[in-house]
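Colleague: Sequence first, then the predicted structure:
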Number of protein chains: 2
Amino acid sequence: MKTRELRAFLEEKGIDFALFYSAGMSVNPNFRYFSGFNGPGALLAGKDTFLLVPKMEEERARRCNIRNIHPIDKKRLFESVLGIVKKKKLRHKKIGIDKNSFTLNAYKGFRKCFKSKISDISGCCARLRTIKTEGEIKLLAKSCSHADKIIQKCIRNFKDFRTESEAAAFLVYETKKNGLELSFSPIVASGKNASMPHYEPSSSRINKGFCVIDFGVQYKGYCSDITRTVYIGNPSLKEKNIYNKLLQIQKNAIDIVKDNKKCSELYDFTVKSLGKDAKYFTHGLGHGIGVEIHELPNLTLNSKDRIRDNMVFTIEPGIYVKGKFGIRIEDSLMFSGRAKVLTRTSKDLLII
Amino acid sequence: MKTRELRAFLEEKGIDFALFYSAGMSVNPNFRYFSGFNGPGALLAGKDTFLLVPKMEEERARRCNIRNIHPIDKKRLFESVLGIVKKKKLRHKKIGIDKNSFTLNAYKGFRKCFKSKISDISGCCARLRTIKTEGEIKLLAKSCSHADKIIQKCIRNFKDFRTESEAAAFLVYETKKNGLELSFSPIVASGKNASMPHYEPSSSRINKGFCVIDFGVQYKGYCSDITRTVYIGNPSLKEKNIYNKLLQIQKNAIDIVKDNKKCSELYDFTVKSLGKDAKYFTHGLGHGIGVEIHELPNLTLNSKDRIRDNMVFTIEPGIYVKGKFGIRIEDSLMFSGRAKVLTRTSKDLLII
């Protein structure tokens, strides 16, 4: 959490405080990032920080690092925020909000309570989150190491799984048993199912051929992301070759990561290396990871991002031939002078 | 999916089409509801329906029931929508959007492409989703029956779990193995942890005393929700009495559900029945379930909702004494002339 950096930004811009809120079941990532609380509520972050949570969440919220916690009626979120502002006599001439997550109706409710000037701080939040602190890097590395252990155990046991669902179940079981959360619902896509990059595992039997396993955990709220492709049965020489070609491209892409490098160049490099197979590569080369599984930087065609120290992101080229097969090889890595791969599971084609 | 009903509403209001979008990893529920597609993209629902998805999702999207599927660049969502509108010569004088999920920045992007009149259809979407179709009720009943089987298996095996995390892991394993998704991250809260209604299970040993198990699956996208409280060790007479008092209140609340009943009355009834323990009941009495785990109706103090035929919702009173213990008993039920409980796991206090 870069509360201090956020505060400095607000001060520079003459913003009295930032207001984040989280409604419903899926917790707003900026709210979670700056509050450390994984639940619904509102956060005022200015000279002082106030966390407002529904009464039923109060005890849980007191476990995070914020001293000023106030129980509120979640149906009257902005009225409650105004209540605190008045009670604490907080200056509120200019309020920073995250327009990437603030909804139109929430804004309407907010505007009934506040006539303040508004400043969009979504860009600032994204930037702060893109460059990780030392503490965050430790958590992300630990998250990757957990993901490594679990995916390796899954691969070791792979022979025992009859269905894709069973393999996915194993991954989530190990995640939960270790007191971790998932980064996303794991993908186990075998045979021609693997040609769908975001395939949802089914109760059908594991097919022969390439099988894509895409998995990640959240450790203390920080996401890891790793994909390995194994082979069920006996791969042909052609299949081995295409796997090894993709693997070499993935390794080369990691090798050319350097400071100030345009992310779009890394993407271009991959497309060029794929040559005639580039048409089968249907997604970006990678994405930042942090409290969300998809953050900046974007390693895509039109990305404006550049590689900087203390970014943590994935490199994950793939080849997807519709109705036939799919392969993806993905690592999470951090950059600090050079790329350091955080996910360390072997990438040699494993034949099961 | 009530595409026909949505269309009728749009026609009545002179809205040319509804526009839903889903960005990022957590899929917008109205987008999912009306498209049947669990991924990112945009949906135009008018006389004709068009689903626009990133290239990498195309094959997966073709598995849903929409004929007109177009691959797009997800970074240019609204430009792509405009492209389709122009290509298909769709009338776009007035467009319906869901202001409960449309963000300020998305709206800005949308406004660059469309000068149309705008109508907020969030209320209509919520209303359509509150009253379930026969098909949806079947899916919800099936979802509840899956949740029943899994929670029963978990309770039968409870002696084998050392930690809360292990019990939670068992629940997610069984969910995934059966090709289902979770409705939410399951709660297993033992001893004094149970006083936090949304406690996150930890790797600490299961404590003696009441243990709250709150769990639900998604079957074909439809959520179930059930909570049972078991007792680890030997409950005192006082503990048995408080459990049975809460159980009787839960049963009575179900019994008084009738057509046109105010949801706030059901809540009031519970509070009155709890008497001096009402101060320990810190959340609503229940909520609708559907493609989201929290939908209308709200069974809360200030709710304006009334019970109607074909609503599906939970009844879940609880008692939470901070630092001491927690109990919650929750069923999912549907209403059709009378309340029919969909989750059928025994509610007698189980001593483990």
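Modeller: Nice, thanks for sending it over. All of these numbers come straight from a predicted model, not from anything done at the bench.
Colleague: A:F184 reaches A:I289, doesn't it?
Modeller: No. The criterion here is C-beta atoms under 8 Å, and A:F184 misses it with A:I289 at 10.8 Å. Just so you know, the C-beta spots here come from the backbone N, C-alpha and C atoms, and that holds for glycine as well.
Colleague: Looking at the two now, which is surrounded by more residues?
Modeller: A:I289 (27 against 17; other C-beta atoms under 10 Å in any protein chain shown).
Colleague: Residues in a beta bridge with the residue lying closest to the more buried one once chain neighbours are set aside, which ones?
Modeller: Of all residues not flanking A:I289 in the chain, A:C223 sits nearest, at 4.8 Å (C-beta to C-beta, 6 or more residues apart in numbering or on different chains). The partner list for A:C223 in beta bridges (DSSP bridges) reads A:Q218.
Colleague: Run a quick neighbour tally on A:C223.
Modeller: Neighbours around A:C223, by other C-beta under 10 Å: 27.
Colleague: before we move on, back to that, pull up the overlap in contacts between A:F184 and A:I289.
Modeller: In the contact map built from C-beta atoms under 8 Å, 6 or more residues apart in numbering or on different chains, the residues linked to both A:F184 and A:I289 are A:G216.
Colleague: A:L333 versus A:I226, what's the distance?
Modeller: 11 Å (C-beta to C-beta, to the nearest Å).
Colleague: Actually, A:K322.
Modeller: 29 Å.
Colleague: Could you do A:Q250 as well?
Modeller: Taking C-beta to C-beta, one finds A:Q250 at 11 Å from A:L333.
Colleague: So for the two, which residue has more residues nearby?
Modeller: In this view A:Q250 and A:L333 are compared by other C-beta under 10 Å, and A:Q250 has more residues nearby, 24 against 21.
Colleague: give the contact list for the more buried one.
Modeller: A:315-317, A:329-331, A:347.
Colleague: Show me just the buried residues among those residues.
Modeller: Applying 16 or more other C-beta atoms under 10 Å in any protein chain shown to the contacts of A:Q250, the neighbour count classes A:315-317, A:329-331, A:347 as buried.
Colleague: In strands, which of the residues you listed fall?
Modeller: Those of the buried ones among the contacts of A:Q250 mapping onto strands are A:315, A:331, per DSSP state E.
Colleague: Can you tell me which of the buried ones among the contacts of A:Q250 is nearest chain B?
Modeller: A:E316 (11.8 Å; C-beta to the nearest C-beta).
Colleague: Is the worst-scoring helix or strand of chain A on mean pLDDT positioned near chain B?
Modeller: Least confident helix or strand, chain A: helix A:58-61 with a mean of 92, by mean pLDDT, DSSP states H and E. Yes. Counting by C-beta under 8 Å from any C-beta of the partner chain, chain B is contacted by helix A:58-61 at A:59-60.
Colleague: Show me what counts as buried in that helix.
Modeller: A:58-61.
Colleague: repeat for stretch A:290-309
Modeller: A:290-300, A:303, A:305, A:307.
Colleague: mind putting those residues in TSV, pLDDT and secondary structure included?
Modeller: Below are those laid out as TSV (pLDDT from 0 to 100; DSSP: H, G, I helix; E, B strand; the rest coil):
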residue	pLDDT	secondary structure
A:G290	98	coil
A:V291	96	coil
A:E292	96	coil
A:I293	97	coil
A:H294	96	coil
A:E295	96	strand
A:L296	97	strand
A:P297	98	strand
A:N298	97	strand
A:L299	98	strand
A:T300	96	coil
A:S303	95	coil
A:D305	97	coil
A:I307	98	coil
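Colleague: ok, and which of those residues reach chain B?
Modeller: A:292-294, A:300.
Colleague: tell me the domain ranges of chain A?
Modeller: A:3-130, A:134-341 (automatic domain parsing).
Colleague: okay, now the residue lying closest to A:V27 once chain neighbours are set aside: neighbour count?
Modeller: Leaving aside its sequence neighbours, A:V27 sits nearest to A:N38 (C-beta to C-beta, 6+ apart; 5.5 Å). A:N38 has 20 neighbours, counted by other C-beta under 10 Å.
Colleague: returning to that earlier point: quickly list what's touching both of A:I226 and A:L333.
Modeller: Common neighbours of A:I226 and A:L333 (C-beta under 8 Å, 6+ apart) are A:T343.
Colleague: which residue ranges form the helices in the stretch 1-150 of chain A?
Modeller: A:3-12, A:29-35, A:58-61, A:77-87, A:104-113, A:122-130, A:134-156 (DSSP state H, counting those that start in this stretch).
Colleague: Format the ones you listed as a markdown table; extra columns: distance to B:S273.
Modeller: Shown next, in a markdown table, are the helices of the stretch 1-150 of chain A (distance: least, C-beta to C-beta, whole Å):
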| stretch | distance to B:S273 |
| --- | --- |
| helix A:3-12 | 44 |
| helix A:29-35 | 35 |
| helix A:58-61 | 24 |
| helix A:77-87 | 28 |
| helix A:104-113 | 33 |
| helix A:122-130 | 45 |
| helix A:134-156 | 45 |
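Colleague: So A:M334 lies in a strand, does it not?
Modeller: Yes. Under DSSP: H, G, I helix; E, B strand; the rest coil, A:M334 sits within a strand.
Colleague: residues contacting it?
Modeller: Contacts of A:M334 by C-beta under 8 Å, 6+ apart are A:132, A:137, A:140-141, A:310-312, A:340, A:342.
Colleague: what do you get for A:K176?
Modeller: Per C-beta under 8 Å, 6+ apart, neighbours of A:K176: B:165, B:168-169, B:171-173, B:201.
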